[in-house]
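K.L.:
Quick one, what's the 3D model for this:
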Amino acid sequence: MREPRGDEIVEQFAAWRAKKSRYLFERRVAAALPHLPERGRLLDAGCGDVELRERLAGLRPRLEVVCCDLGWLPAPLACRADVQALPFAAGSFDAVLLLAVLEHVPDHRAALAEARRVLRPSGVLVVTTPNPLYGLPMAVAGRVGLKYREGYDHGLSLPRLAGLARAVGLAVEAERGFLLAPFPLPGGRLERWLGRRPVLRRLLLNQLLVARRR
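P.N.:
Here you go, the predicted structure:
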């Protein structure tokens, strides 16, 4: 059996990274989906692109999804915006998503306060963010190409996130950990068991918070 050439190794590695990034995206969507309304208006804040909206078109067809990000989004119902200063009127949305966003935001409280402001009464906020315990190894992995680059300069723990959500006037409904590894593994039942326990969920890679505007 011949040894793979250098260019083949590079291609295989790129394919592996793309597959892993897809898995992380799918897990965030799966974590958020049960908490989203069936209909209404949803803001995907700090979306990066409109891929999630395209996905929700099949999963929640009666949701109108608006996207915003610091980068330019050449798509309908999409705009350039900072999640710390959203360009939308108060009470504009039934749901707001901040998926893998807060770790890139300097002022967590400002972002949460803005999410609350644009929510209608009883509107729901769904947040996912990496466990800051893994911030350093994740940053190193990004530097050497073992994962797509993400900066975790502003990570925060789940208790801290819940405290900030309450401080800006949100009622926390759910807190849990998820993601045993950044790639598919057997043991979904173990992950769910760990994720529901306040101490043991600290071992998981990602955090989920669901809160509602009072």
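K.L.:
Does anything pack onto the lengthiest strand in the chain? Which helices or strands?
P.N.:
Taking DSSP state E as the criterion, the chain has its longest strand at strand 119-130. On a contact count with 3 or more C-beta pairs under 8 Å, 6 or more residues apart in numbering; DSSP states H and E, strand 119-130 meets helix 6-32, strand 93-99, helix 108-118, helix 158-167, strand 206-213. Any C-beta I mention is one placed from the backbone N, CA and C, and that applies to glycine too.
K.L.:
again, 10 Å this time
P.N.:
helix 6-32, strand 39-45, strand 93-99, helix 108-118, helix 158-167, strand 170-178, strand 206-213 (3 or more C-beta pairs under 10 Å, 6 or more residues apart in numbering; DSSP states H and E).
K.L.:
quick one, which of the ones you listed is nearest to Leu200?
P.N.:
Nearest to Leu200, of all the helices and strands packed on strand 119-130, is strand 170-178, at 8.0 Å by C-beta to C-beta.
K.L.:
Centre of the chain to stretch 181-191, how far?
P.N.:
In this view, stretch 181-191 has its centroid 18 Å away from the chain centroid, taken as C-alpha atoms, centre = their mean, to the nearest Å.
K.L.:
For it, list every residue counted as buried.
P.N.:
182, 191 (16 or more other C-beta atoms under 10 Å).
K.L.:
Report pLDDT for the residue most central in space within the chain.
P.N.:
For the chain, the residue nearest the mean C-alpha position is Leu99 (1.8 Å; C-alpha atoms, centre = their mean). pLDDT recorded at Leu99 is 96.
K.L.:
cool, and the one 10 residues further on?
P.N.:
We note a pLDDT of 98 for Arg109 in this prediction.
K.L.:
Quick check: the gap between it and Val199.
P.N.:
In this view, Arg109 and Val199 are 26 Å apart by C-beta to C-beta, to the nearest Å.
K.L.:
The two: who's more crowded?
P.N.:
Arg109 (14 against 7; other C-beta atoms under 10 Å).
K.L.:
Can you name the residues that contact the more buried one?
P.N.:
Going by C-beta atoms under 10 Å, 6 or more residues apart in numbering, Arg109 touches 84, 163-165, 167-168.
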